[in-house]
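Asks: just the structure for this:
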Amino acid sequence: MARTVTRITRFNMTSLALGLAFLYLPIVILVIYSFNASRLVTVWGGWSLRWYHEFFNDAAMLEAAWMSLSVGTVSATLATLLGTLAAIGLARGERFRGRALFSGMLYSPLVMPEVISGLSLLLLFVALNAERGFWTVTIAHTTLTMCFVTVVVQSRLTSLDRSLEEAAMDLGCDPVRAFLFVTLPQIVPAIVAGWMLAFILSLDDVVIASFTTGPGSATLPIRIYSEVRLGVKPEINAICTLVIALIAVIIVVASFASKLSGARGESAAPL
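Replies: Prediction:
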(Lines give C-alpha, C1' and ligand atoms only; values in the text may rest on other atoms or scores of the structure.)
Protein backbone atom coordinates (compact mmCIF):
# COMPACT_ATOMS: atom_id res chain seq x y z
CA MET A 1 0.00 0.00 0.00
CA ALA A 2 1.50 3.31 -1.13
CA ARG A 3 2.36 5.80 1.57
CA THR A 4 1.23 9.40 1.15
CA VAL A 5 4.10 11.86 1.50
CA THR A 6 3.24 15.44 2.42
CA ARG A 7 5.51 17.92 0.71
CA ILE A 8 6.80 20.91 2.64
CA THR A 9 6.08 23.85 0.38
CA ARG A 10 7.15 27.45 0.65
CA PHE A 11 3.55 28.40 1.48
CA ASN A 12 3.47 25.94 4.40
CA MET A 13 6.76 27.23 5.80
CA THR A 14 5.65 30.85 5.42
CA SER A 15 2.35 30.14 7.17
CA LEU A 16 4.16 28.35 9.99
CA ALA A 17 6.65 31.19 10.40
CA LEU A 18 3.90 33.83 10.45
CA GLY A 19 1.89 31.82 12.99
CA LEU A 20 4.86 31.37 15.31
CA ALA A 21 5.80 35.04 14.94
CA PHE A 22 2.24 36.09 15.78
CA LEU A 23 2.33 33.96 18.94
CA TYR A 24 5.85 34.52 20.23
CA LEU A 25 7.17 37.80 18.79
CA PRO A 26 5.27 39.96 21.33
CA ILE A 27 6.69 37.81 24.15
CA VAL A 28 10.22 38.18 22.77
CA ILE A 29 9.79 41.96 22.53
CA LEU A 30 8.50 42.09 26.10
CA VAL A 31 11.47 40.09 27.39
CA ILE A 32 13.96 42.29 25.52
CA TYR A 33 12.41 45.52 26.80
CA SER A 34 12.47 44.21 30.37
CA PHE A 35 16.23 44.84 30.17
CA ASN A 36 15.74 48.39 28.89
CA ALA A 37 17.57 51.07 30.89
CA SER A 38 15.18 53.82 29.82
CA ARG A 39 12.20 54.82 31.92
CA LEU A 40 10.14 55.14 28.73
CA VAL A 41 8.73 51.79 27.61
CA THR A 42 8.96 52.49 23.87
CA VAL A 43 12.44 54.08 23.88
CA TRP A 44 15.48 51.83 23.99
CA GLY A 45 18.15 53.13 26.37
CA GLY A 46 20.59 50.22 26.53
CA TRP A 47 20.82 47.01 28.51
CA SER A 48 20.20 47.14 32.23
CA LEU A 49 18.85 45.09 35.16
CA ARG A 50 17.43 48.23 36.73
CA TRP A 51 13.77 47.20 36.58
CA TYR A 52 14.43 43.79 38.07
CA HIS A 53 16.08 45.55 40.96
CA GLU A 54 13.07 47.85 41.24
CA PHE A 55 10.73 44.86 41.36
CA PHE A 56 12.66 43.06 44.10
CA ASN A 57 12.58 46.28 46.13
CA ASP A 58 8.84 46.79 45.62
CA ALA A 59 7.20 45.33 48.74
CA ALA A 60 3.67 45.57 47.35
CA MET A 61 4.56 43.70 44.16
CA LEU A 62 6.47 41.03 46.07
CA GLU A 63 3.52 40.51 48.40
CA ALA A 64 1.16 40.18 45.43
CA ALA A 65 3.55 37.73 43.74
CA TRP A 66 3.77 35.61 46.89
CA MET A 67 -0.02 35.70 47.17
CA SER A 68 -0.41 34.45 43.59
CA LEU A 69 2.14 31.66 44.05
CA SER A 70 0.53 30.54 47.31
CA VAL A 71 -3.00 30.59 45.91
CA GLY A 72 -1.88 28.85 42.72
CA THR A 73 -0.05 26.07 44.56
CA VAL A 74 -2.81 25.35 47.06
CA SER A 75 -5.70 25.65 44.60
CA ALA A 76 -3.92 23.54 41.95
CA THR A 77 -3.22 20.82 44.52
CA LEU A 78 -6.83 20.80 45.75
CA ALA A 79 -8.18 20.91 42.19
CA THR A 80 -5.90 18.03 41.16
CA LEU A 81 -7.02 15.90 44.11
CA LEU A 82 -10.74 16.56 43.64
CA GLY A 83 -10.57 16.49 39.84
CA THR A 84 -8.73 13.16 39.82
CA LEU A 85 -11.31 11.62 42.18
CA ALA A 86 -14.13 12.94 39.98
CA ALA A 87 -12.45 11.55 36.86
CA ILE A 88 -12.05 8.15 38.50
CA GLY A 89 -15.71 8.17 39.50
CA LEU A 90 -16.83 9.03 35.97
CA ALA A 91 -14.45 6.70 34.14
CA ARG A 92 -14.38 3.71 36.49
CA GLY A 93 -17.61 4.02 38.48
CA GLU A 94 -20.80 2.19 37.66
CA ARG A 95 -23.70 4.00 36.06
CA PHE A 96 -25.68 5.85 38.70
CA ARG A 97 -28.79 8.00 38.76
CA GLY A 98 -27.92 11.63 38.18
CA ARG A 99 -24.65 10.90 36.38
CA ALA A 100 -25.52 13.26 33.51
CA LEU A 101 -26.45 16.03 35.97
CA PHE A 102 -23.22 15.48 37.91
CA SER A 103 -21.14 15.63 34.72
CA GLY A 104 -22.93 18.78 33.58
CA MET A 105 -22.39 20.53 36.91
CA LEU A 106 -18.76 19.43 36.95
CA TYR A 107 -17.99 20.70 33.46
CA SER A 108 -20.11 23.86 33.60
CA PRO A 109 -17.17 26.14 34.61
CA LEU A 110 -15.59 25.29 31.24
CA VAL A 111 -18.27 27.26 29.40
CA MET A 112 -19.51 29.58 32.15
CA PRO A 113 -18.41 33.22 31.73
CA GLU A 114 -15.94 34.12 34.46
CA VAL A 115 -17.94 37.21 35.38
CA ILE A 116 -20.94 35.04 36.29
CA SER A 117 -18.76 32.57 38.20
CA GLY A 118 -17.02 35.35 40.10
CA LEU A 119 -20.26 37.13 40.95
CA SER A 120 -21.96 33.92 42.13
CA LEU A 121 -18.98 33.06 44.35
CA LEU A 122 -18.98 36.60 45.74
CA LEU A 123 -22.68 36.30 46.64
CA LEU A 124 -21.98 32.92 48.26
CA PHE A 125 -19.17 34.30 50.43
CA VAL A 126 -21.27 37.31 51.40
CA ALA A 127 -24.18 35.04 52.36
CA LEU A 128 -21.83 32.93 54.47
CA ASN A 129 -20.37 36.10 56.01
CA ALA A 130 -16.90 34.84 55.05
CA GLU A 131 -14.00 37.25 55.22
CA ARG A 132 -12.57 37.64 51.75
CA GLY A 133 -8.89 36.93 51.44
CA PHE A 134 -6.51 34.08 50.73
CA TRP A 135 -8.96 31.22 51.29
CA THR A 136 -11.85 32.73 49.34
CA VAL A 137 -9.59 33.23 46.31
CA THR A 138 -8.19 29.70 46.75
CA ILE A 139 -11.67 28.15 46.89
CA ALA A 140 -12.74 30.14 43.84
CA HIS A 141 -9.70 29.06 41.83
CA THR A 142 -10.18 25.45 42.93
CA THR A 143 -13.74 25.61 41.64
CA LEU A 144 -12.55 27.14 38.39
CA THR A 145 -9.71 24.71 37.64
CA MET A 146 -11.05 21.40 38.96
CA CYS A 147 -13.04 20.75 35.77
CA PHE A 148 -9.91 21.13 33.63
CA VAL A 149 -8.10 18.51 35.72
CA THR A 150 -11.09 16.18 35.43
CA VAL A 151 -11.11 16.45 31.64
CA VAL A 152 -7.38 15.71 31.36
CA VAL A 153 -7.35 12.75 33.78
CA GLN A 154 -10.61 11.25 32.51
CA SER A 155 -9.38 11.28 28.91
CA ARG A 156 -6.30 9.35 30.05
CA LEU A 157 -8.33 6.86 32.09
CA THR A 158 -10.70 6.08 29.22
CA SER A 159 -7.75 5.26 26.93
CA LEU A 160 -6.17 2.73 29.32
CA ASP A 161 -6.51 -1.02 28.94
CA ARG A 162 -8.63 -2.20 31.86
CA SER A 163 -7.46 -5.78 31.34
CA LEU A 164 -4.27 -4.87 33.23
CA GLU A 165 -6.30 -4.05 36.35
CA GLU A 166 -8.36 -7.20 35.90
CA ALA A 167 -5.21 -9.29 35.54
CA ALA A 168 -3.81 -7.78 38.75
CA MET A 169 -7.02 -8.61 40.61
CA ASP A 170 -6.98 -12.14 39.18
CA LEU A 171 -3.50 -12.53 40.70
CA GLY A 172 -4.74 -11.57 44.16
CA CYS A 173 -4.76 -7.77 44.31
CA ASP A 174 -7.76 -6.02 45.75
CA PRO A 175 -9.23 -3.16 43.65
CA VAL A 176 -7.43 -0.48 45.68
CA ARG A 177 -3.98 -2.07 45.30
CA ALA A 178 -4.64 -2.78 41.62
CA PHE A 179 -5.42 0.89 41.09
CA LEU A 180 -2.44 2.12 43.12
CA PHE A 181 0.17 -0.17 41.54
CA VAL A 182 -1.19 -0.62 38.00
CA THR A 183 -3.44 2.29 37.00
CA LEU A 184 -2.02 5.18 39.01
CA PRO A 185 1.52 5.00 37.54
CA GLN A 186 -0.01 5.20 34.07
CA ILE A 187 -2.14 8.28 34.80
CA VAL A 188 0.55 10.21 36.68
CA PRO A 189 1.52 12.16 33.51
CA ALA A 190 -2.11 13.28 33.15
CA ILE A 191 -2.28 14.22 36.84
CA VAL A 192 0.92 16.25 36.53
CA ALA A 193 -0.41 17.93 33.38
CA GLY A 194 -3.67 18.70 35.18
CA TRP A 195 -1.83 20.24 38.13
CA MET A 196 0.31 22.34 35.83
CA LEU A 197 -2.73 23.54 33.88
CA ALA A 198 -4.59 24.38 37.10
CA PHE A 199 -1.59 26.31 38.47
CA ILE A 200 -1.16 28.36 35.30
CA LEU A 201 -4.90 29.14 35.10
CA SER A 202 -4.85 30.29 38.72
CA LEU A 203 -1.74 32.39 38.11
CA ASP A 204 -3.40 34.02 35.10
CA ASP A 205 -6.85 34.74 36.54
CA VAL A 206 -7.99 38.32 37.05
CA VAL A 207 -11.79 38.32 36.82
CA ILE A 208 -12.71 35.75 39.48
CA ALA A 209 -9.94 36.90 41.82
CA SER A 210 -11.17 40.49 41.60
CA PHE A 211 -14.59 39.37 42.89
CA THR A 212 -13.33 37.13 45.69
CA THR A 213 -10.25 38.94 46.98
CA GLY A 214 -10.24 41.32 49.92
CA PRO A 215 -8.13 44.15 51.33
CA GLY A 216 -4.44 43.24 51.50
CA SER A 217 -4.83 40.03 49.49
CA ALA A 218 -4.51 41.21 45.89
CA THR A 219 -2.93 38.72 43.49
CA LEU A 220 -0.19 39.63 41.05
CA PRO A 221 -2.46 39.89 37.96
CA ILE A 222 -4.78 42.26 39.84
CA ARG A 223 -1.80 44.34 40.94
CA ILE A 224 -0.40 44.44 37.41
CA TYR A 225 -3.80 45.40 35.99
CA SER A 226 -4.15 48.27 38.46
CA GLU A 227 -0.65 49.51 37.56
CA VAL A 228 -1.21 49.23 33.79
CA ARG A 229 -4.38 51.34 34.00
CA LEU A 230 -2.17 54.28 35.03
CA GLY A 231 0.40 53.57 32.32
CA VAL A 232 2.81 50.75 31.52
CA LYS A 233 6.00 50.94 33.56
CA PRO A 234 9.20 49.10 32.59
CA GLU A 235 8.94 47.24 35.90
CA ILE A 236 5.85 45.46 34.53
CA ASN A 237 7.97 44.05 31.69
CA ALA A 238 10.42 42.63 34.22
CA ILE A 239 7.62 41.05 36.27
CA CYS A 240 6.04 39.48 33.19
CA THR A 241 9.42 38.13 32.09
CA LEU A 242 9.89 36.45 35.47
CA VAL A 243 6.41 34.92 35.22
CA ILE A 244 7.20 33.60 31.73
CA ALA A 245 10.44 32.10 33.04
CA LEU A 246 8.58 30.48 35.95
CA ILE A 247 5.99 28.94 33.65
CA ALA A 248 8.71 27.68 31.31
CA VAL A 249 10.53 26.01 34.21
CA ILE A 250 7.28 24.42 35.43
CA ILE A 251 6.55 23.05 31.95
CA VAL A 252 10.05 21.58 31.57
CA VAL A 253 10.06 20.01 35.04
CA ALA A 254 6.51 18.67 34.66
CA SER A 255 7.30 17.23 31.23
CA PHE A 256 10.41 15.51 32.55
CA ALA A 257 8.55 14.16 35.58
CA SER A 258 5.62 12.89 33.50
CA LYS A 259 7.94 11.15 31.04
CA LEU A 260 9.89 9.56 33.88
CA SER A 261 6.76 8.36 35.68
CA GLY A 262 5.23 7.21 32.39
CA ALA A 263 8.29 5.14 31.59
CA ARG A 264 8.18 3.58 35.05
CA GLY A 265 4.48 2.84 34.66
CA GLU A 266 4.97 1.17 31.27
CA SER A 267 7.85 -0.93 32.59
CA ALA A 268 5.84 -2.00 35.62
CA ALA A 269 2.58 -2.67 33.76
CA PRO A 270 3.54 -6.05 32.24
CA LEU A 271 4.47 -7.30 35.70
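
Asks: surely residue 189 meets residue 159?
Replies: No. The criterion here is CB atoms under 8 Å, and residue 189 misses it with residue 159 at 11.8 Å. Where you see a C-beta, it was placed from the backbone N, CA and C, and this is true even at glycine.

Asks: higher neighbour count, these two?
Replies: Residue environment comparison for residue 189 versus residue 159 gives the larger neighbour count to residue 189, 21 against 11, counting by other CB atoms under 10 Å.

Asks: got the buried residues for the helix or strand that contains the more buried one?
Replies: With secondary structure defined by DSSP states H and E, residue 189 is part of helix 184-204. Of the residues in helix 184-204, those scored as buried under the neighbour-count criterion (16 or more other CB atoms under 10 Å) are 185-203.

Asks: sticking with residue 117, tell me its helix or strand.
Replies: In the assignment (DSSP H and E), residue 117 maps to helix 114-127.

Asks: residues touching that helix, excluding its own?
Replies: In this structure, residues lying in contact with helix 114-127 by CB atoms under 8 Å, 6 or more residues apart in numbering are 109, 132, 136, 139-140, 143-144, 205, 207-212.

Asks: let's see that with 6 Å instead.
Replies: Contact partners of helix 114-127, identified using CB atoms under 6 Å, 6 or more residues apart in numbering, comprise 136, 140, 207-208, 211-212.

Asks: got those as CSV, with distance to residue 81, secondary structure and neighbour count columns?
Replies: Shown next, in CSV, are these (distance: CB to CB, whole Å; DSSP: H, G, I helix; E, B strand; the rest coil; neighbours: other CB atoms under 10 Å):
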residue, distance to residue 81, secondary structure, neighbour count
136, 19, helix, 23
140, 17, helix, 27
207, 24, helix, 17
208, 20, helix, 24
211, 24, helix, 20
212, 20, helix, 27
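
Asks: contact partners for the residue nearest to residue 108 when sequence neighbours are not counted?
Replies: Nearest residue to residue 108 in three dimensions, chain neighbours excluded: residue 147, at 7.6 Å (CB to CB, 6 or more residues apart in numbering). Applying CB under 6 Å, 6+ apart to residue 147 gives the contacts 106-107, 109-110.

Asks: how about a cut-off of 10 Å?
Replies: Contact partners of residue 147, counting by CB atoms under 10 Å, 6 or more residues apart in numbering, are 79, 82-83, 86, 105-112, 198.

Asks: repeat that for residue 131.
Replies: Taking CB under 10 Å, 6+ apart, we find residue 131 in contact with 125, 214-215, 217.

Asks: show me which of those residues are buried.
Replies: Listed as buried from these are 125, 217; burial here means 16+ other CB under 10 Å.

Asks: and the two most separated of the contacts of residue 131?
Replies: 125 and 215 (14.1 Å; CB to CB).
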